[in-house]
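>>> Need a 3D model of the sequence below.
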Amino acid sequence: MNERKSRFSSLSGLEIERVYGPEHLKGWTVEQDLGRPGSFPYTRGIYPDMYRSRLWTMRQFAGFGSADDTNRRFKYLLTQGQTGLSVAFDLPTLMGLDADDPMARGEVGHCGVAISSLADMERLFDGIPLDQVTTSMTINGPAAVLFAMYLAVADKRGIPFDRLGGTIQNDILKEYIAQKEWLFPPEPHLAIIVDTIDYCTAHVPKWHPISISGYHIREAGSTAVQELAFTLYDGLTYVDAAVKSGIDVDAFAPRLSFFFNVHNDFFEEIAKFRAARRLWAREMEHRYHPKNPRSLQLRCHAQTAGCSLTAQQPMNNVVRTTLQALAAVLGGTQSLHTNSMDETLALPTEEAVTLALRTQQVIASESETVNCVDPLGGSYLVESLTNRLEEGARDYFRTLDRMGGMVTAIEQGFPQREILDASQRYQKEIEHQERPIVGVTDYVEQEARSIPTLKIGPEVEQEQVARLSDLRKSRDPFKMAGSLEELQETAACHQKLMPALIEAVKAKATLGEICAALKEVYGTYREPVVL
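Predicted coordinates for the structure are as follows:
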């Protein structure tokens, strides 16, 4: 019998014993390391009752084509029991480009919704009560601009900002590390993020101004240890920047949120969520001494691993997603997106996204896993993995501290190199048949099965470009130009940017025009070569 490496190690390379017992928890205590749900160090969950009192938010990521297309999908998902909206933007929008920019050609609406102006944002949320649903927006480089558009939509409807709930991802450090969708150098980006934190603290108190994301770090090929370490250290970097700007830690830390990947290693992923809560609580207490216990609590959204899905035998992805979703629930997530089985082939169809949502609903309603808080707490295996993941992350923390922080480490290419090495090791394990993938390396079928897919036609780009042309013809050019000049002056003087951004989008300046104006002030960024 051919024994595989995967049977003896986790995806992070942590050696797995045949059986676990008390000897694997030396130095571990119930009082200091496990505790009670809702109590420091929050290993068992941030709320005493967890899902017994309230289920996680079921927030399916959605966005494709035009704002009208995505608006219809949002409304469909809400009728199917989704409890929060999550916006996927197309690549030009993520890069701060208008749909008619030459660099956007061929990409408009393909991997998310195309948003170039306030008018697009109004169409995206047409008929959706912004004060009754929470909205998550996955965007980073131009996050403040899209947030300004969202606020402007609410303002036009007469909805007070203090009634808006949701999240803007707004995590630029992981862009330099993994996803590569930045606009400016790190320092001005950090200043903009601090500005959004400050603005939300004062004016949009129910909004999470940043969602510190490990998801894309994991999708780039990191291990669970690296995802945990780099994500939490990014979070500490944002806290440090905000505190140094003069914002009291207790004024904003309770509104920070995190976003984690859920990969295939079932028990390692459960342990990762538990280790994340404990490590964050301990580091926040040690470094910043907050007075509010909520400042120590790590709240997170989770998404099943896109990189684990396969184009071969796509129905198998339903099983993968179910196991990953169950791991997130057993790990104690506050919000969850389940990937659709067809996402490696195209944008998810209505049928596929419904099945992905039903996966969460079956877990919530039929599996009875919501009855007990942290049901695997006290498991020798899970507690051992939790300890080892935390210590592995701490090793990275010590290295990053010695390097002078995450920005310096990024400029030296350290996290990028670590992830590159990890991804190469994983790929070699697959190629050497040490890491089985059902339908790809094992149980392969000679004839591919076809399933219906959703495609975006060229008319989406043509219509979006035409709308932009009409917008530019109809707006007041002097008012728009004046708003951009004021924005640049505000940025150059290091003053609060959000009010000027809101005025610019109200003056019908486009996303691309606003980002181009800010690049003239802040400059652009060239990443280091990673060998």
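>>> The nearest residue to Leu55 once chain neighbours are set aside sits in which helix or strand?
Excluding its sequence neighbours, the residue lying closest to Leu55 (C-beta to C-beta, 6 or more residues apart in numbering) is Ala364, at 5.3 Å. Yep, even glycine has a C-beta here, placed from its N, CA and C like the rest. Ala364 is part of helix 350-366 when elements are defined by DSSP states H and E.
>>> Downstream of that helix, the next helix or strand is which one?
The element immediately downstream of helix 350-366 (helix or strand, assigned by DSSP H and E) is helix 380-403.
>>> Next, work out how far apart the residue nearest to Leu55 and Leu336 are.
10 Å (C-beta to C-beta, to the nearest Å).
>>> Repeat that for Met95.
Going from Met95 to Leu336 by C-beta to C-beta gives 28 Å.
>>> How about Lys519?
36 Å.
>>> between these two, who's got more neighbours?
Using other C-beta atoms under 10 Å as the criterion, Lys519 and Leu336 rank with Leu336 on top: 26 against 14.
>>> so how far is Leu501 from that one?
Distance of Leu336 to Leu501, given as C-beta to C-beta: 31 Å.
>>> Same question for Thr196.
Using C-beta to C-beta, Thr196 is found at 9 Å from Leu501.
>>> shared neighbours of the two, anything?
Common contacts of Thr196 and Leu501, defined by C-beta atoms under 8 Å, 6 or more residues apart in numbering, comprise 144, 147.
>>> who has more neighbours, the two?
Taking other C-beta under 10 Å, Thr196 and Leu501 do not tie; Leu501 has more neighbours (30 against 23).
>>> Can you verify my assumption that that one contacts Ala143?
No: Leu501 is beyond contact range of Ala143, at 10.6 Å (criterion: C-beta atoms under 8 Å).
>>> which residues touch Gln169?
Taking C-beta under 8 Å, 6+ apart, we find Gln169 in contact with 136-140, 143, 210-211, 213, 259.
>>> Just say helix, strand or coil for Asn71.
Classification of Asn71 by DSSP: H, G, I helix; E, B strand; the rest coil places it in helix.
>>> Any stretches of the stretch 251-400 of the chain with poor pLDDT?
Counting by pLDDT under 70, the stretch 251-400 of the chain contains no low-confidence residues.
>>> try 90 this time
Within the stretch 251-400 of the chain, the ranges that satisfy pLDDT under 90 run 346-347.
>>> before we move on, the earlier item: between Ala364 and Leu336, which contacts overlap?
In contact with both Ala364 and Leu336: 56, 58, 329, using C-beta under 8 Å, 6+ apart.
>>> residues contacting the residue lying closest to Phe273 once chain neighbours are set aside?
Distances taken as C-beta to C-beta, 6+ apart place Gly331 nearest to Phe273, at 3.0 Å, with adjacent residues excluded. Contacts of Gly331 were listed using C-beta under 8 Å, 6+ apart, and they are 262, 269-274, 302.
>>> what lines up beside the helix-or-strand element of the chain with minimal mean pLDDT in the sheet?
Lowest by mean pLDDT, DSSP states H and E among the helices and strands of the chain is strand 61-62, with a mean of 88. Looking at strand 61-62 with DSSP bridges, its partner strands are strand 85-88 (parallel).
>>> what pLDDT, on average, does the strand it pairs with get?
Averaging pLDDT along strand 85-88 gives 94.
>>> all strands of the protein, in order?
Remark: strands assigned in the chain by DSSP state E are 57-58, 61-62, 85-88, 134-138, 165-168, 207-208, 211-213, 257-262, 300-304, 335-337.
>>> contacts for the second one?
Defining contact as C-beta under 8 Å, 6+ apart, one finds that strand 61-62 is touched by 70, 73-74, 77, 85-88, 138, 303, 337, 353.
>>> Nearest to Lys479 among the residues you listed?
Checking the contacts of strand 61-62 against Lys479 with C-beta to C-beta, the nearest one is Val87 at 27.8 Å.
>>> Leaving out chain neighbours, which residue sits closest to the closest one?
If the residues on either side of it in the chain are set aside, Val87 comes closest to Met137, at 4.7 Å by C-beta to C-beta, 6+ apart.
>>> repeat for Val382
Leu376 (4.6 Å).
>>> Could you do Leu298 as well?
Nearest residue to Leu298 in three dimensions, chain neighbours excluded: Trp280, at 4.1 Å (C-beta to C-beta, 6+ apart).
>>> Identify each buried residue in stretch 201-208, please.
201, 204, 207-208 (16 or more other C-beta atoms under 10 Å).
>>> any idea how far Phe471 is from Glu219?
Let me fix one detail, which is that residue 471 is Leu and not Phe. 34 Å.
>>> scratch that, Glu447 is what I was asking about
30 Å.
>>> And those two? Which one has more around it.
Shown here are Glu447 and Glu219; by other C-beta under 10 Å, Glu219 has more neighbours (20 against 5).
>>> need the contact list for the closest residue to that one other than its chain neighbours.
Among residues not flanking Glu219 along the chain, Cys307 sits closest, at 4.9 Å (C-beta to C-beta, 6+ apart). Counting by C-beta under 8 Å, 6+ apart, Cys307 touches 218-219, 221, 263.
>>> most neighbours, which of those?
Highest neighbour count within those, by other C-beta under 10 Å: Arg218, with 30 neighbours.
>>> That one against Thr304, yeah?
No: judged on C-beta under 8 Å, Arg218 makes no contact with Thr304 at a distance of 11.0 Å.
>>> Dig out what Met58 forms beta bridges with.
Beta bridges link Met58 to Leu336, judged by DSSP bridges.
>>> Please report how far it lies from Glu390.
29 Å.
>>> next one: Arg278
Look at Arg278 and Glu390: by C-beta to C-beta, they are 6 Å apart.
>>> Same question for Leu309.
Going from Leu309 to Glu390 by C-beta to C-beta gives 29 Å.
>>> so how many other residues sit close to Cys111?
Cys111 is flanked by 16 other residues according to other C-beta under 10 Å.
>>> hang on, I meant Val521
15.
>>> and what of Ala448?
Ala448: 10 neighbours (other C-beta under 10 Å).
>>> Next: Leu400.
By the criterion of other C-beta under 10 Å, Leu400 has 21 neighbours.
>>> now do Leu454
18.
>>> Kindly report the same for Asp198.
Counted with other C-beta under 10 Å, the neighbours of Asp198 add up to 20.
>>> List the residues that contact the closest residue to it other than its chain neighbours.
Spatially, and ignoring its direct neighbours in sequence, Asp198 is nearest to Ile247 (5.8 Å; C-beta to C-beta, 6+ apart). Contact analysis of Ile247 by C-beta under 8 Å, 6+ apart lists 194, 197-198, 201.
>>> State the pair within those residues that is farthest apart.
Taking C-beta to C-beta, no two of the contacts of Ile247 sit farther apart than Val194 and Thr201, at 10.5 Å.
>>> Can you check the pLDDT for Met137?
Confidence score, pLDDT, at Met137: 96.
>>> buried sites along stretch 230-247?
230-243, 247.
>>> Please flag which of these sit within helices.
Among the buried residues of stretch 230-247, DSSP state H puts 230-243 in helices.
>>> Out of those, which comes closest to Tyr20?
For those, the nearest to Tyr20 is Leu232 (25.5 Å; C-beta to C-beta).
>>> Please tell me I have it right and the closest one contacts Leu279.
Yes: assessed by C-beta under 8 Å, Leu232 is found in contact with Leu279 at 6.0 Å.
>>> Next, show the common contact partners of those two.
Contacts common to Leu232 and Leu279, judged by C-beta under 8 Å, 6+ apart, are Ala393.
>>> Touching, Ile159 and Ile128? I think so.
No: between Ile159 and Ile128 there is no contact under C-beta under 8 Å: 11.4 Å.
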